[in-house]
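> sequence and computational prediction follow.
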Amino acid sequence: MKALKKLTIGAGMSVEMPFLRLLRYVPIDAVQQVFNANEYIMRGAGKAVENAKNTRGQTNIFAKVLEDSEKEGDGHLDDMDVKIEAMNIIIAGTDTTGVTMTYLTYEVLRRPELRKSLEEEVAALKEDFNDNDLQNLTLLNAVIEETLRLDGAAPSSLPRIVPEGGAELGGSFIPGGTIVSTQAYTLHRDPDIWRNPLSFDPSRWLPGKDMPPAAKAVFCPFGAGARSCIGVHLARMELRYAAAVFFREIKGARLAESATPQSMEFVNFFLIAPKSHKCEITLQ
């Protein structure tokens, strides 16, 4: 264990294992991706900055940042500042979107009638569809909302520390210094709010359904309040595109025998993930 710990530390500290730094230059793609991850992400962030510069006047978070920074004169944000912010969004949105999409695929594929209906809906899209078109697909968006309710990647918000002097919440006093966190897991499964709360039922989100006001109030897959996820709109856009493309291009996909309710039970650390760390599908 001591040797293993030393090796692990050495992977990030040249003092212990300096030869590992040389792996950055091994001409094998897989090795390059592992040991040059920051450079790969920075390159993607740089592309975001360039795209922002080429779309001035359009709705774009980075274009707005660049325009505002240029108006401020000295001390304004430079390209590297914007690249770092882009990196933060790319990193924060990778696992969360990937996990949610994994569970969306699993929940739909285990329901053949739902899969067929969703395939038919996205098949009707025009070839050059955009996000505005996807926002009008009722079943697609209902599936996304229900996945976020039951299988959202982050069922609890980032922890906060109660300020000195404490605070009162719902008639209970919380001492200062206490670490607190809101979490969606029980709110999204409260039987007093949700009909059949443990059932994956996208129809509850379809237009015309009688959604209780309390349900909308407690629905918080991206957190709530001033510290909720800044990438919520980007995440929803990614989920819409990913789901639409998947069920357009991979019609008739089914779960592999390895994808069972037991293998897809989630373990919850900072984010959730399937116990098996995979969701295999088959086209046969």
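Yep, that arrived. Residues are numbered from 1 along each chain as shown.

> alpha carbons only for contacts and neighbour counts from here, please
OK.

> what's the burial count for M264?
Per other C-alpha atoms under 10 Å, the neighbour tally for M264 reads 19.

> same question for F269.
10.

> OK, contacts around the nearest residue to L255 once chain neighbours are set aside?
Leaving aside its chain neighbours, L255 sits nearest to I281 (4.3 Å; criterion: C-alpha to C-alpha, 6 or more residues apart in numbering). Contact analysis of I281 by C-alpha atoms under 8 Å, 6 or more residues apart in numbering lists A253, R254, L255, A256, A259.

> wait, what's in contact with V232?
V232 makes contacts with F222, as judged by C-alpha under 8 Å, 6+ apart.

> look up how far L169 lies from it.
In this view, V232 and L169 are 27 Å apart by C-alpha to C-alpha, to the nearest Å.

> distance of V232 from P112?
Relative to P112, V232 is positioned 29 Å away (C-alpha to C-alpha).

> ditto for T182
35 Å.

> likewise Y25?
As judged by C-alpha to C-alpha, Y25 and P112 stand 47 Å apart.

> more crowded one of these two?
P112 (14 against 11).

> look up how far T182 lies from A226.
For A226 relative to T182 (C-alpha to C-alpha), the value is 13 Å.

> ok, G152 next?
Using C-alpha to C-alpha, G152 is found at 14 Å from T182.

> looking only at neighbour counts, state which of these two leads.
Neighbours per residue (other C-alpha under 10 Å) separate G152 from T182, with G152 holding more: 26 against 15.

> my guess is the more buried one contacts P221, does it?
Yes. Contact criterion C-alpha atoms under 8 Å: G152 and P221 qualify, at 5.9 Å.

> hmm, who's touching stretch 92-106?
Residues from elsewhere that reach stretch 92-106 (C-alpha under 8 Å, 6+ apart): 143-144, 147-148, 151-154, 231, 235, 238-239, 242-243, 255, 271-273, 279.

> cool, stretch 258-268 as well?
I272, A273, P274, K275, S276, K278, C279, E280, I281.

> got it, and stretch 160-173?
Contacts of stretch 160-173 (C-alpha under 8 Å, 6+ apart): I174, P175, G176, G177, T178, I179, V180, S181.

> any idea how far that stretch is from the chain center?
30 Å (C-alpha atoms, centre = their mean, to the nearest Å).

> give me the distance between the two termini of it.
End-to-end distance for stretch 160-173, by C-alpha to C-alpha: 16 Å.

> count of neighbours near A273?
A273, neighbours per other C-alpha under 10 Å, totals 24.

> bridged to the residue lying closest to it once chain neighbours are set aside, which residues?
Closest residue to A273 apart from its sequence neighbours, by C-alpha to C-alpha, 6+ apart: F266 at 5.2 Å. Beta-bridge pairing for F266 (DSSP bridges): P274.

> report pLDDT for F266.
For F266, the pLDDT comes out at 92.

> distance check, it against G152.
11 Å.

> for R43, same thing?
Distance from R43 to G152, counting by C-alpha to C-alpha: 29 Å.

> now do E127
30 Å.

> do the same with E107
12 Å.

> do N136 as well
Plainly put, N136 is 22 Å away from G152 if you go by C-alpha to C-alpha.

> E164: neighbour count?
Residues lying near E164 (other C-alpha under 10 Å) number 10.

> which SS state does it fall under?
coil (DSSP: H, G, I helix; E, B strand; the rest coil).

> pLDDT score for it?
93.

> again with E67
Reported pLDDT for E67: 67.

> check which helices and strands the helix or strand encompassing E145 is in contact with.
Taking DSSP states H and E as the definition, E145 sits inside helix 138-151. If contacts are counted by 3 or more C-alpha pairs under 8 Å, 6 or more residues apart in numbering; DSSP states H and E, helix 138-151 sits against helix 79-109, helix 112-123, helix 232-249.

> got the angle between the longest one and helix 232-249?
Relative orientation of helix 79-109 versus helix 232-249 (axes from the mean of the first three to the mean of the last three C-alpha atoms, to 10 degrees): 50 degrees.
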